[in-house]
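# fold the stuff below for me.
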Amino acid sequence: MTQSKQFQLFIDGEFVPAASGETFTVISPIDGTAYASVAKAGVEDIDLAAAAARRAFAGAWPRMLPFDRGRVLQEIANAIRRRSEEIATAETMSGGKTISNSLNEVSAAARVFEYYAGAMDKFFGSTIPMGADLMDFTIREPVGVVAQITPWNFPILAAAWKVAPAIASGCSVILKPASNTPVTSLLLAEAAQAADLPAGVLNVLPGPGGALGNHIATHPLINKIAFTGEGRTGAALVKAAADDIKRVSLELGGKSPNIIFADANIKKAGNAAISAAFGNAGQSCSARTRILVERGVHDEVLELMQVGLQNWRIGNPLEPDTDMGPMVSASQWQTVKDYVSIGVSEGATLVCGGDRPEGLSDGHYFAPTIFTDVDNSMRIAQEEIFGPVAAIIPFDTEEEAIAIANDSPFGLNASVWTRDINRALRVVRDLDSGMVSVNSHGSASRYSTFTPFGGMKKSGIGRELGMNALDLYTELKNVIIDISDTTTSE
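Next up, the predicted model:
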């Protein structure tokens with residue numbers, strides 16, 4: 001590959017160089033070569049974007065008929081679909097995601113804009129009965145200028161999840177994509193420009209998160225922060241934003257349990273456990289990497305996974321039949337390798353994987369890895385590895401399965417496999433998890449457009465997607481009116 005693509009910042013409706021003139025290089029994890037040169041935003045660029053976003057928010061955009069804002073969102077969706085192959089290729093080249101997954105996620109990103117194109121004129125306030133002489137009602141108003149910080153594992157989809165409901169609500173946005181994968185967010189800016197989104201409503205500023213995060217959190221023109229990423233960074237943003245009482249929503253990590261009972265469809269559950277743990281090379285906050293298996297079917301599930309992985313194709317993510325591509329970066333590869341060493345040192349049994357796949361000497365590829373003899377107190381069971389490493393943990397009773405599943409600082413997602421509907425509902429009720437799938441693992445790209453996405457405990461604050469996301473980007477104003485003509489003394 002040769003470095004042939006160049007991208008600038010998107011501020012106030014135009015593509016411009018960084019104020020400093022600096023750029024950085026996006027490295028493809030497929031083979032470690034340069035893929036693109038991208039303008040590197042600094043604090044001065046944040047100031048320019050915040051001023052542009054504030055002007056846009058003071059202008060016509062939030063005052064438009066919601067239906068008319070929706071027409072612009074529909075045009076953005078159309079622009080994304082017209083360029084789906086180009087955007088999907090950029091996603092794969094910069095992040096290592098398989099091209100089939102990238103195409104699915106680009107389609108899902110367009111669908112998110114389509115959903116919110118028709119959402120805001122159906123998101124109402126309410127009337128509250130207060131007796132004969134008083135009328136009370138509520139109004140939904142946009143929160144203002146929103147800074148949105150997105151991760152590298154689902155770049156275009158995470159951007160859509162955040163941008164679409166925010167601008168549908170009438171907010172203006174400063175989008176800060178991850179430095180590893182900024183290209184598709186800039187292509188989203190091109191789609192917004194083609195759809196005639198008013199200048200300043202969307203601004204896209206790639207750059208170093210550490211240098212820009214604190215400035216965003218303390219900026220006087222920014223009213224809200226929406227962040228997806230690592231927990232310590234999210235906590236730091238909350239602390240930095242506290243003095244201004246900025247609204248903050250967080251979508252953070254997970255260590256999601258996959259609970260398989262002996263009465264489940266074991267073949268279906270065992271095969272599904274592979275993609276649930278190793279899809280996107282395990283680089284997903286919802287990855288089901290703690291596989292809790294009733295002891296009587298433990299060996300059967302393990303065998304199903306091992307046999308299934310024999311047909312699991314790891315390699316060039318641009319090839320349509322590839323199941324798993326490389327990890328996003330050399331540093332992430334090393335992190336996973338270090339956790340494998342930790343697991344072995346803790347006494348877990350390494351069943352398969354644990355290193356680079358045979359025959360793949362270039363790129364950041366890591367073989368799907370399974371540990372058995374895992375105790376839930378081990379670090380590989382408690383800490384988010386963010387790579388293709390699964391820990392199989394046996395249990396004997398329903399109560400024990402629930403206790404193990406809940407013994408985690410996270411509470412994002414979970415799966416339960418059983419044919420007993422009463423058991424399924426009891427476990428769903430008792431799990432500390434913001435989302436639970438029964439006899440499936442769900443799919444963010446297929447279903448979650450319509451349903452709330454978010455977690456409990458250290459997995460975050462707030463819910464994205466569905467109509468619930470509009471709560472994040474609006475303020476609720478109550479209005480009370482005395483309609484009596486009676487003169488009274490207070």
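# now the strands for the stretch 201-350 of the chain?
Taking DSSP state E, counting those that start in this stretch, the strands of the stretch 201-350 of the chain run over residues 202-204, 224-228, 247-251, 257-260, 290-294, 349-352.
# output the ones you listed as JSON lines; include the columns distance to Asp323.
In short, each C-beta sits where N, CA and C put it, glycine included. Shown next, in JSON lines, are these (distance: least, C-beta to C-beta, whole Å):
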{"stretch": "strand 202-204", "distance to Asp323": "31"}
{"stretch": "strand 224-228", "distance to Asp323": "25"}
{"stretch": "strand 247-251", "distance to Asp323": "26"}
{"stretch": "strand 257-260", "distance to Asp323": "18"}
{"stretch": "strand 290-294", "distance to Asp323": "18"}
{"stretch": "strand 349-352", "distance to Asp323": "15"}
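# which among those is found nearest to Gly21?
Among the strands of the stretch 201-350 of the chain, the nearest to Gly21 by C-beta to C-beta is strand 202-204 (18.0 Å).
# which elements pack onto that closest one?
strand 9-11, helix 43-58, strand 172-176, helix 183-194 (3 or more C-beta pairs under 8 Å, 6 or more residues apart in numbering; DSSP states H and E).
# so which residues make contact with that strand?
Contact with strand 202-204 is made by 9-12, 49, 52-53, 163, 167, 172-175, 177, 182, 185-186, 188-189, 192, as judged by C-beta atoms under 8 Å, 6 or more residues apart in numbering.
# I'd like the strands of the stretch 201-350 of the chain laid out as TSV, including mean pLDDT and distance to Val143.
As requested, the strands of the stretch 201-350 of the chain are exported to TSV (pLDDT from 0 to 100; distance: least, C-beta to C-beta, whole Å):
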stretch	mean pLDDT	distance to Val143
strand 202-204	98	16
strand 224-228	97	5
strand 247-251	96	6
strand 257-260	98	34
strand 290-294	98	36
strand 349-352	98	48
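# I'd like to know which of those is closest to Gly210.
Per C-beta to C-beta, nearest to Gly210 of those: strand 224-228, 13.4 Å.
# TSV for the strands of the stretch 201-350 of the chain, including distance to Ile27 and mean neighbour count?
Formatted as TSV, those follow (distance: least, C-beta to C-beta, whole Å; neighbours: other C-beta atoms under 10 Å):
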stretch	distance to Ile27	mean neighbour count
strand 202-204	20	30
strand 224-228	22	26
strand 247-251	26	23
strand 257-260	33	29
strand 290-294	31	26
strand 349-352	29	15
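# rewinding a little: looking at the helices and strands packed on strand 202-204, which is buried most?
Compared across those, strand 172-176 shows the largest average neighbour count, a mean of 27 (mean count of other C-beta atoms under 10 Å).
# who does that strand touch, helix- and strand-wise?
Helices and strands touching strand 172-176, by 3+ C-beta pairs under 8 Å, 6+ apart, are helix 43-58, strand 145-149, helix 155-168, helix 183-194, strand 202-204, helix 209-218.
# can you rerun that using 10 Å?
Helices and strands touching strand 172-176, by 3 or more C-beta pairs under 10 Å, 6 or more residues apart in numbering; DSSP states H and E, are helix 43-58, strand 145-149, helix 155-168, helix 183-194, strand 202-204, helix 209-218, strand 224-228.
# any idea which of these scores lowest on pLDDT?
Among the helices and strands packed on strand 172-176, helix 209-218 carries the lowest mean pLDDT, a mean of 90.
# so where's this structure shaky on pLDDT?
Counting by pLDDT under 70, the chain shows low-confidence ranges at 1-4, 443-447, 488-490.
# just to revisit the earlier point, so which of the helices and strands packed on strand 172-176 is nearest Phe124?
Phe124 sits nearest to helix 155-168 of all the helices and strands packed on strand 172-176, at 14.2 Å, using C-beta to C-beta.
# now the angle from the closest one to helix 43-58?
Interaxial angle of helix 155-168 relative to helix 43-58 (axes from the mean of the first three to the mean of the last three C-alpha atoms, to 10 degrees): 40 degrees.
# for Thr486, grab the count of nearby residues.
The local packing of Thr486 (other C-beta atoms under 10 Å) involves 6 other residues.
# try Asp136
Neighbours of Asp136 (other C-beta under 10 Å): 14.
# please convert the helices and strands packed on strand 172-176 to CSV, extending it with distance to Leu360.
As requested, these are exported to CSV (distance: least, C-beta to C-beta, whole Å):
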stretch, distance to Leu360
helix 43-58, 38
strand 145-149, 32
helix 155-168, 23
helix 183-194, 24
strand 202-204, 33
helix 209-218, 29
strand 224-228, 29
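# which among these is found nearest to Val301?
Taking C-beta to C-beta, helix 155-168 is the member of the helices and strands packed on strand 172-176 nearest to Val301, at 29.8 Å.
# would you mark the buried spots in stretch 209-224?
Under the neighbour-count criterion of 16 or more other C-beta atoms under 10 Å, stretch 209-224 has 209, 212-217, 219, 221-224 buried.
# cool, stretch 137-152 as well?
Neighbour counts over stretch 137-152 (16+ other C-beta under 10 Å) mark 140, 142-152 as buried.
# format the CA atom coordinates belonging to it as PDB.
Extracted C-alpha coordinates of stretch 137-152, given in PDB (Å, rounded to 0.1, in the frame of the first residue of the first chain):
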ATOM      1  CA  PHE A 137     -47.200  21.000  30.000                       C
ATOM      2  CA  THR A 138     -43.600  20.000  29.200                       C
ATOM      3  CA  ILE A 139     -41.400  21.000  26.300                       C
ATOM      4  CA  ARG A 140     -38.400  19.200  24.900                       C
ATOM      5  CA  GLU A 141     -35.600  21.600  23.900                       C
ATOM      6  CA  PRO A 142     -32.100  20.700  22.500                       C
ATOM      7  CA  VAL A 143     -29.300  20.700  25.100                       C
ATOM      8  CA  GLY A 144     -27.000  22.900  22.900                       C
ATOM      9  CA  VAL A 145     -23.500  22.300  21.700                       C
ATOM     10  CA  VAL A 146     -22.500  18.600  22.100                       C
ATOM     11  CA  ALA A 147     -19.000  17.200  22.000                       C
ATOM     12  CA  GLN A 148     -19.000  13.500  21.000                       C
ATOM     13  CA  ILE A 149     -15.900  11.300  21.400                       C
ATOM     14  CA  THR A 150     -16.100   8.000  19.500                       C
ATOM     15  CA  PRO A 151     -14.000   4.800  19.700                       C
ATOM     16  CA  TRP A 152     -11.900   3.000  17.200                       C
END
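# chain center to that stretch: distance?
Counting by C-alpha atoms, centre = their mean, to the nearest Å, stretch 137-152 is centred 16 Å from the centre of its parent chain.
# cool, stretch 122-134 as well?
Counting by C-alpha atoms, centre = their mean, stretch 122-134 comes out at 36 Å from the chain centroid.
# tell me where the stretch 351-490 of the chain has strands.
Going by DSSP E, counting those that start in this stretch, the stretch 351-490 of the chain shows strands at 369-372, 389-395, 410-411, 415-417, 437-438, 456-457, 460-461, 474-482.
# parallel or antiparallel, list what pairs with the third one.
Put plainly, it is strand 410-411. Take DSSP bridges as the rule and strand 410-411 pairs in its sheet with strand 456-457 (antiparallel).
# so what touches the partner strand?
With contact meaning C-beta atoms under 10 Å, 6 or more residues apart in numbering, strand 456-457 is reached by 252, 254, 406, 408-412, 431-435.
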